[in-house]
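> Task: produce atomic coordinates for the following.
(one chain, ligands or ions: 2)
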Amino acid sequence: MRILSGIQPSGSLHIGNYFGMMKPMIAYQEDNELYCFIVNYHAMTSVTDGEQLATGTLEAALDFLALGLDPDRAIFWVQSDVPEVTELTWILNNVTAVGLLLRSHSYKDKIAQGISPNHGLLSYPVLMAADILLYQSQKVPVGQDQQQHLEIARDIAIKFNHMFGETFVIPEAEINPNVPTVLGIDGRKMSKSYDNTIEIFAEEKVLRRKIGSIVTDSSPVAAPKDPDKCNLFAIISLFLTEGEKAELADHYRRGGLKYSDIKEKLFKLMWDFFAEARAKREEMQRNPNQVREILKAGAERARSKALPTLEMARKKVGLVY
Ligand code: ADP
Ligand code: TRP
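Ligands and ions are numbered 1, 2, ... in the order given. Below you'll find the model as predicted:
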């Protein structure tokens, strides 16, 4: 199965990104044809500082590699290193109704947040469709929030195939119910837009501070507590086995539990959980050129898969004369 997904390098990656996207993606490399990339063109719709975008791109690549993405098994690259995707975007723009884009939830949400819309923001789903269709992807694992973008990609592919003849594989979204929605330190969905994240590779002091600020209720230590209503419990559960989780839930219900002890435990668990990846990341960070080489080699592999599809689309629409 050809599986493709991407992540934006628009801020430090957090444990929501890890459990929600990176971990399941990395697992796919075992027995699938995995295409994993860093979508820096998309991030341009929110990051307007060039240096920040460039640094963020390399950092996101380091994160993926440190966490176990194997560039020999997966095709791993940076979106803009295969600029042909922008040519396909232009081709697809011509089969995309503006109304379809104006109905996009994420576009409407951004406008509601007060972001002044430019054409990049409106066209975001067309670029995403080009990402998916250029590589003839069959399955695209995404979070719930991306479902509509996948529907737009499917609509565009169906319309193009209908107008110009069979060209693109119609992709399927994969929304895995076993992938958790990770809660942030304030109890809402963890997201960099809410400033409630716990970064995967935060420094020790920062990590302690973030964990220390996880919001809990003010019930006395002796009082019985409901684990299902506690976001500290939800977060620590990500690092516990089923047995350990049941034991901790029991302690909550019995009472006599101090949130500060649970926070200390969470710190230790998380620090150890990412220890190996942290060491690998530190080592790779000393040699960023090696990471750049890995990405360039990945882009060459991606391009060789992309070119035949682009050529077919160019011929169909009449760009080859
Ligand atoms: P953010 O909300 O921090 O901006 P993105 O929207 O860039 O994160 O999401 C990147 C990937 O990480 C997506 O595949 C998304 O589904 C996943 N993801 C983000 N936040 C969470 C979360 N809190 N729980 C689970 N998955 C998440
Ligand atoms: N829009 C996706 C997000 O914000 C990122 C993305 C861009 C993507 N291109 C993609 C995801 C192609 C899957 C496939 O999470």
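> just the CA coordinates of stretch 297-312, formatted as CSV?
Taking Å, rounded to 0.1, in the frame of the first residue of the first chain, the C-alpha atoms of stretch 297-312 are listed here in CSV:
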residue,chain,number,x,y,z
ALA,A,297,18.5,12.0,-1.5
GLY,A,298,14.8,11.5,-0.4
ALA,A,299,13.8,14.4,-2.7
GLU,A,300,15.5,12.7,-5.6
ARG,A,301,13.6,9.4,-4.9
ALA,A,302,10.3,11.4,-4.5
ARG,A,303,11.0,13.3,-7.8
SER,A,304,11.5,10.1,-9.7
LYS,A,305,8.1,8.9,-8.6
ALA,A,306,6.5,12.2,-9.3
LEU,A,307,7.8,12.9,-12.8
PRO,A,308,5.8,10.3,-14.7
THR,A,309,2.6,11.4,-13.1
LEU,A,310,3.3,15.1,-13.8
GLU,A,311,4.2,14.2,-17.4
MET,A,312,1.0,12.3,-17.9
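> mind listing what's buried in it?
Taking 16 or more other Cβ atoms under 10 Å as the basis for neighbour counts, the residues of stretch 297-312 that come out buried are 298-299, 301-303, 305-306, 309-310, 312. All C-beta atoms are positioned from the backbone trio N, CA, C, and that covers glycine.
> By residue count, what's the longest helix in this structure?
Ranked by residue count and defined by DSSP state H, the top helix of the chain is helix 288-317.
> And it, what does it pack against?
On a contact count with 3 or more Cβ pairs under 8 Å, 6 or more residues apart in numbering; DSSP states H and E, helix 288-317 meets strand 33-38, helix 50-66, strand 75-78, helix 84-93, helix 119-134, helix 147-164.
> Relative to the whole chain's centre, how far out is whichever helix or strand Lys108 is part of?
Take DSSP states H and E as the rule and Lys108 turns out to sit in helix 105-112. Helix 105-112 has its C-alpha centroid displaced from the chain centroid by 19 Å (Cα atoms, centre = their mean, to the nearest Å).
> which residues sit in contact with Leu92?
With contacts defined as Cβ atoms under 8 Å, 6 or more residues apart in numbering, Leu92 is in contact with 126, 129-130, 133, 156, 160.
> quick check, nearest of the residues you listed to Gly16?
The shortest separation between Gly16 and any of the contacts of Leu92 is 25.0 Å, and it belongs to Ala129 (by Cβ to Cβ).
> Kindly tell me how buried the closest one is, as a neighbour count.
By other Cβ atoms under 10 Å, the residues close to Ala129 number 27.
> Thought Phe160 was touching it, still the case?
No. In this structure, Ala129 is not within contact of Phe160 by Cβ atoms under 8 Å, at 9.3 Å.
> follow-up on the earlier one: which residues touch the helix holding Lys108?
Among residues not part of helix 105-112, those counted as contacts by Cβ under 8 Å, 6+ apart are 101, 117, 121-122, 124-125, 145, 148-149.
> check whether that helix contacts ligand 1.
No. Helix 105-112 does not reach ligand 1 (Cβ under 6 Å from any ligand atom); its nearest approach is 9.0 Å.
> State the mean pLDDT of that helix.
Taken as a whole, helix 105-112 has an average pLDDT of 93.
> got it, and stretch 276-286?
With pLDDT averaged residue by residue, stretch 276-286 scores 98.
> And that stretch, how far out from the chain middle?
21 Å.
> got a list of contacts for it?
Among residues not part of stretch 276-286, those counted as contacts by Cβ under 8 Å, 6+ apart are 62-63, 65-68, 200-201, 290-291.
> next one: stretch 133-141
Contact partners of stretch 133-141, identified using Cβ under 8 Å, 6+ apart, comprise 1-5, 21, 24-25, 28, 35, 82, 84-85, 88, 92, 132, 150, 153, 156-157, 160, 168-169, 171-176, 302, 305-306, 309-310.
> tell me which residues in stretch 252-263 are buried?
Neighbour-count burial for stretch 252-263, counted by 16+ other Cβ under 10 Å, picks out 252, 257, 259, 262-263.
> Tell me how many other residues surround Lys225.
For Lys225, the neighbour count with other Cβ under 10 Å is 23.
> hang on, it is in a strand, isn't it?
No. With DSSP: H, G, I helix; E, B strand; the rest coil as the criterion, Lys225 is located in coil rather than a strand.
> what residues are up against it?
Applying Cβ under 8 Å, 6+ apart, the residues contacting Lys225 are 217, 219, 252-253, 255, 257.
> So which residues on the stretch 1-150 of the chain come close to ligand 2?
Remark: the part of the stretch 1-150 of the chain in contact with ligand 2 comprises 4-6, 8, 39, 42, 128, 131-132, 140, 142, 146, 149, using Cβ under 6 Å from any ligand atom.
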